[in-house]
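[1] Using only what follows, build the 3D model:
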Amino acid sequence: MNGDAVDQRVRRGYRSAAVDTVRLAKLNGDIMSGSPNLRGRIGSAGEWAGLHLWLILGLWTALCGGLHWPHLAGSWHYFVTGSELLIDPSNPHGGLHLYHFQPQLQIGPLTFLLARPLLLLPAGAAALAAVALMSAGGLLVLRLIGSFVGMETAHERRRLLAAGLLFVPVWSELAARAGHLDDVLALILALAGLLAARSGRPLLTALALAAAADCKPWAVAFLPIIGIATTGDRGKWIGPLAVWAGAIATVWLPFLIADPQTLAAAHFQIRNTASSALRAIGVHTPTTPAWCRPAQAIGGAVIGLALIRRRPAAILFAALGVRLLLDPGTYVYYTAGLLTGAVLVDLASDRSRAPWFTIGAFLAVYLPNYLTFGAPWSPALHGWLRAGYLIVALIAILLTRRPHPTPIWGVGPTTGSGTAHTPIGPGRRDETPSTVILAGTASLSHRHHIHGGGPSVDGRLESRR
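    Predicted coordinates:
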């Protein structure tokens, strides 16, 4: 090849490098300036795909809720009774004596207060409005989980859809068939606390978790979530823990002071059913054992503490898994909380695999409720299946770490300069679009420098680091 041909190739290489560099620089400038054209190009496809996702899940929610039409809001009367008695201090069985005389109301005072506005509607309309709001709460749960783990890519949205299609029918058992507002509020507040913890806001986390416990007492097992916000530093627990305890005491202490028999509600007993996991693991008492409720809260919290650094997204699942494992009841709506935790674990895990925790919970814990008992199927076998899944799942989350090599919670490790590095999104380092573009520009120019013998911008980039 003669010298002129070589010169022409080199010049073409320079021009190609220059054009590519200008294009990348323009794109970088658009990102830095928040160009509406760029936002339109990038955002429109994602927003359209996201709209389809929520449209599908919304229609699926309406269909699943509609299937329960003959039996809507079966437990809503508890909230009507509790709300009316709570605000009626003239009633000797109401006001601050509510839990002494109505121990079957295993519902927090905050739930009764939040339910009160709905009761201003006619009785039938109030129940329907409550069902509609609680059903929409399932979509909110999925949205919070999506915000938590990220759903920017089509693959992430597909995984959320797959898990959501299994989650929605189970949530409908809680929202539409049972109408248990307390569980709905506790789960939503727990997820809000988890999001606050990831943002490094321990006091807000503590308030959200306390509100969850003020809505449903078993939510005290979510306490370890505060450890995510404090990055595992025990010395930073004191303030948030005091806020959490204070917020719970503010709601519950007036009842205990006015009527010490309020504690009797903690010992309310239900039947130990033949298909319960509690019976399957060898506890054959006819009703709730005295140690059961404390063991549920303490066991869930202890496992949660062990997960703060290993698999923080599994804390919710651990608390709810221990609750179901040690509960004598087998109400179908209990499973909605377990599915919430399972979806969170699956979507925060390896992005390439199917939502196995969610699939397992659906098949082993929820679906058998609708199988007709008969040889060889029996309530005891259902209990063993339920207990087996819960034990295996709890062991699995304890023995495995989160797959992301980079920290995804709160404030990450310090860099060499001593400044804290906060990851953006699950498993992503703090890479702004501009740094990615600049890195691409440097790499491109370096490639032309090697192959074409031309100048490189690497030196200028290096001098700015």
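
[2] Pull out the buried positions in the host helix or strand of L204.
    Using DSSP states H and E, L204 maps to helix 202-215. Buried residues in helix 202-215, counted by 16 or more other C-beta atoms under 10 Å: 202, 204-215. No exception for glycine: its C-beta is placed from N, CA and C like everyone else's.

[3] Make CSV out of the residues you listed and add pLDDT.
    Converted to CSV, the buried residues of helix 202-215 look like this (pLDDT from 0 to 100):
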residue, pLDDT
P202, 96
L204, 97
T205, 97
A206, 98
L207, 98
A208, 98
L209, 98
A210, 98
A211, 98
A212, 98
A213, 98
D214, 98
C215, 98
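
[4] How far off centre is the helix holding L204?
    In terms of C-alpha atoms, centre = their mean, to the nearest Å, the centre of helix 202-215 is set 15 Å apart from its chain centre.

[5] thinking again about what came up before, looking at the buried residues of helix 202-215, which is nearest H180?
    C215 (10.5 Å; C-beta to C-beta).

[6] got the contact list for that closest one?
    Contact analysis of C215 by C-beta atoms under 8 Å, 6 or more residues apart in numbering lists I107, G108, L110, T111, L114, D182, L185, A186, L189.

[7] and which of those is nearest A229?
    For the contacts of C215, the nearest to A229 is L189 (14.8 Å; C-beta to C-beta).

[8] Quick check: can you list the domain ranges of this structure?
    10-66+441-457, 67-399 (automatic domain parsing).

[9] Any quick PyMOL command for the buried ones out of the contacts of C215?
    Entered in PyMOL, the line below selects the buried ones among these, by 16+ other C-beta under 10 Å:
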select buried, resi 107+108+110+111+114+182+185+186+189
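
[10] got any ranges where this structure has weak pLDDT?
    Residues of the chain meeting the criterion pLDDT under 70: 1-49, 232-234, 351-352, 375, 402-465.

[11] Mind doing that once more with 90?
    1-52, 70, 89-90, 150-155, 230-237, 263-267, 309, 349-354, 371-378, 400-465 (pLDDT under 90).

[12] wait, doesn't E84 sit right on L120?
    No. If you go by C-beta atoms under 8 Å, E84 and L120 don't touch, sitting 12.0 Å apart.

[13] Let me know which of the domains of the chain is tucked in deepest.
    Neighbour counts (mean count of other C-beta atoms under 10 Å) averaged over each of the domains of the chain peak at domain 67-399, with a mean of 19.

[14] Ends of that one, what's the gap?
    Using C-alpha to C-alpha, to the nearest Å, the end-to-end distance of domain 67-399 comes to 39 Å.

[15] In CSV, list the buried residues of helix 202-215 along with distance to L278.
    Converted to CSV, the buried residues of helix 202-215 look like this (distance: C-beta to C-beta, whole Å):
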residue, distance to L278
P202, 35
L204, 35
T205, 31
A206, 31
L207, 33
A208, 30
L209, 26
A210, 28
A211, 29
A212, 24
A213, 23
D214, 26
C215, 24
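
[16] Return the closest of the residues you listed with respect to G150.
    Sorting the buried residues of helix 202-215 by how near they are to G150, with C-beta to C-beta, puts T205 at the top with 19.7 Å.

[17] doesn't G227 make contact with the closest one?
    No. With contact defined as C-beta under 8 Å, T205 does not reach G227; the gap is 9.5 Å.

[18] Which one of the contacts of C215 is nearest to T372?
    Nearest to T372 out of the contacts of C215 is D182 (C-beta to C-beta; 31.0 Å).

[19] so which helix or strand takes in that closest one?
    helix 181-198.

[20] Distance from the chain centre to stretch 54-69, please.
    21 Å.

[21] One more: stretch 227-244?
    20 Å.

[22] Next, the distance between the ends of that stretch.
    Terminal residues of stretch 227-244 are spaced 12 Å apart (C-alpha to C-alpha).

[23] Can you name the residues in contact with that stretch?
    Residues outside stretch 227-244 that contact it (C-beta under 8 Å, 6+ apart) are 194, 196-203, 205-207, 209-210, 223, 226, 305, 308-309, 312, 315, 409-411.

[24] Tell me which stretches of the stretch 151-300 of the chain form helices.
    Counting by DSSP state H, counting those that start in this stretch, one finds helices in the stretch 151-300 of the chain at the ranges 154-172, 181-198, 202-215, 225-229, 238-258, 277-280, 292-307.

[25] Report the angle between the second one and helix 202-215.
    If I follow you right, that is helix 181-198. 170 degrees (axes from the mean of the first three to the mean of the last three C-alpha atoms, to 10 degrees).

[26] Give me the packing partners of helix 181-198, helices and strands only.
    In terms of contacts (3 or more C-beta pairs under 8 Å, 6 or more residues apart in numbering; DSSP states H and E), helix 181-198 is packed against helix 109-115, helix 123-149, helix 202-215, helix 225-229, helix 315-325, helix 335-347.
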